[in-house]
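Participant: With the input below, show me the fold.
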Amino acid sequence: MKYEAIIFDLDGTLTDTLGDLANSVNFAMREFGFPERTIEEVKSLVGNGVRRLIYSSVPENTDEKTAEECLSVFKEYYKNNSLVETKPYDGIILMLENLKKQGIKTAVVTNKMQEAAVDIVRIFFGNLIDITLGQIDGVSQKPQPDGIYHVLERLGVSKEKSVYVGDSEVDCVTAKNAGIPCIGVTWGFRDKSVLVENGADFIADTPEEVINYCK
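Facilitator: Model prediction:
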């Protein structure tokens, strides 16, 4: 392998979380009497953290106090309902097992809430992921590169020996900001054209292609 560490996004890259995210968004919308959002609308809004997701989902001109209350309702509901429909994409576990056998270190850097990210990774992937980093105090969210630097330091791997894997424009920009290559995956929440336009170094249509690129 030409890389010693592979860092992954979570939503839309390792796991299909869209159903649970949409259900949680719409639970919060209903609580405040707001119009519900379609799956496609939620899909287009995922990637920049839950605050941006909710602020973009509430009606335009919603006051900040109400938006924050709506965010709190979303967080509480999602905390208890993040594993109802969520599942790994086909081929992901086999890919991670392959990387583990080859001694490649792995991590997740996501804008997801830390507790939810840790639960999802633990339940579906166990020890196949070495470090999971979601939203935590003191580490800026993507597209800032802080999360990548944080996990690389913990892994003991230089950025020259690492690559980032994600499904969105946020992931492409994050990798660029960190100075590492980005593998854009097409099975997630964005079209291939978005990945190309945002400078993905390689486009993978299957998890197996991720492994082949990293050899």
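
Participant: contacts, neighbours, all on C-alpha from now
Facilitator: OK.

Participant: ok now the strand ranked longest in the chain, how far from the chain's centre?
Facilitator: With secondary structure taken from DSSP state E, the chain has its longest strand at strand 105-113. Strand 105-113 sits 7 Å away from the centroid of its parent chain (C-alpha atoms, centre = their mean, to the nearest Å).

Participant: That one pairs with which strands, parallel or anti?
Facilitator: Using DSSP bridges, strand 105-113 pairs in its sheet with strand 5-8 (parallel), strand 131-135 (parallel).

Participant: So for residue 92, which of those sits nearest?
Facilitator: Across those, residue 92 has its closest neighbour in strand 5-8 (11.2 Å, C-alpha to C-alpha).

Participant: Can I get stretch 143-158 as PDB, trimmed to CA atoms?
Facilitator: The C-alpha coordinates for stretch 143-158 follow below in PDB (Å, rounded to 0.1, in the frame of the first residue of the first chain):
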ATOM      1  CA  PRO A 143     -14.000  21.800   5.700                       C
ATOM      2  CA  GLN A 144     -11.300  23.000   8.100                       C
ATOM      3  CA  PRO A 145      -8.500  20.400   8.200                       C
ATOM      4  CA  ASP A 146      -8.200  20.300  12.000                       C
ATOM      5  CA  GLY A 147      -9.900  16.900  12.300                       C
ATOM      6  CA  ILE A 148      -7.700  15.300   9.800                       C
ATOM      7  CA  TYR A 149      -4.600  16.700  11.600                       C
ATOM      8  CA  HIS A 150      -6.000  15.600  14.900                       C
ATOM      9  CA  VAL A 151      -6.400  11.900  13.900                       C
ATOM     10  CA  LEU A 152      -3.100  11.800  12.000                       C
ATOM     11  CA  GLU A 153      -1.300  12.900  15.100                       C
ATOM     12  CA  ARG A 154      -3.000  10.200  17.100                       C
ATOM     13  CA  LEU A 155      -2.300   7.600  14.500                       C
ATOM     14  CA  GLY A 156       1.300   8.600  14.200                       C
ATOM     15  CA  VAL A 157       1.100   9.000  10.400                       C
ATOM     16  CA  SER A 158       2.300  11.900   8.300                       C
END
